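Enquirer: need coordinates for the following:
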Amino acid sequence: MRTIEDILREQRFFAELDASHQALIAGCASNRACDAGTYLFREGGDADAFFVIRHGHVALDIAVPGREPLVIATLGPGDVVGASWLIAPYRWRFGARAIEPARLVQIDARCLRAKLDADHDFGYAMMSRFVPLLAERLQATRLQLLDVYGRG
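Expert: Numbering: from 1, shown residues only. From the prediction side, this is the model:
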């Protein structure tokens with residue numbers, strides 16, 4: 001039987017981390033399954049975790065007053081869902097909803113933030129992974145908004 005540490009080691013996002021850092025993450029992680037339509041988190045809620053998709057797909061969305069939520073990106077196996085846990089005041093800036101049954105690894109943010117604070121090398125290693133993710137999501141949002149408002 002594979003452990004959470006084994007599963008995380010296989011994920012490209014964590015693949016090049018030191019084994020000791022992978023073990024720190026695994027110590028804050030648990031498995032999670034959800035049905036299609038289930039929200040992992042909603043925009044404005046407490047950002048108390050992040051997720052790695054093992055199976056299934058998750059849509060990132062933003063609330064649009066008077067309309068259905070606007071899907072910014074659709075993420076699949078190997079993708080990381082959620083980065084707001086890194087930025088005070090730790091509130092979700094997007095919503096994330098499973099669009100089909102999904103299995104994920106959930107990482108507890110409070111647990112991990114304490115470990116990042118205690119080990120600055122680990123903190124730097126994680127930030128160097130999350131900053132490009134933040135830039136990628138910002139660009140995806142920008143392109144989606146250009147598409148929506150460019151229609152006229």
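
Enquirer: would you map the helices across this protein?
Expert: Secondary structure of the chain (DSSP state H): helices at 4-10, 19-26, 109-118, 120-150.

Enquirer: closest one to Ala59 among those?
Expert: Closest of the helices of the chain to Ala59 is helix 120-150, at 11.5 Å (criterion: CB to CB). Every C-beta, even on glycine, is put in place using the N, C-alpha and C of the backbone.

Enquirer: name the helices or strands packed onto that closest one?
Expert: helix 19-26, strand 70-75, helix 109-118 (3 or more CB pairs under 8 Å, 6 or more residues apart in numbering; DSSP states H and E).

Enquirer: can you put those in TSV and add distance to Leu134?
Expert: As requested, the helices and strands packed on helix 120-150 are exported to TSV (distance: least, CB to CB, whole Å):
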stretch	distance to Leu134
helix 19-26	18
strand 70-75	13
helix 109-118	15
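
Enquirer: to Gly95, which of the ones you listed lies closest?
Expert: Among those, strand 70-75 sits nearest to Gly95 (CB to CB), with 9.5 Å.

Enquirer: distance between that closest one and the chain's centre?
Expert: Distance, stretch centre to chain centre, for strand 70-75: 13 Å (CA atoms, centre = their mean, to the nearest Å).

Enquirer: comparing the helices and strands packed on helix 120-150 by mean pLDDT, which bottoms out?
Expert: Comparing mean pLDDT across the helices and strands packed on helix 120-150, the weakest is strand 70-75, with a mean of 90.
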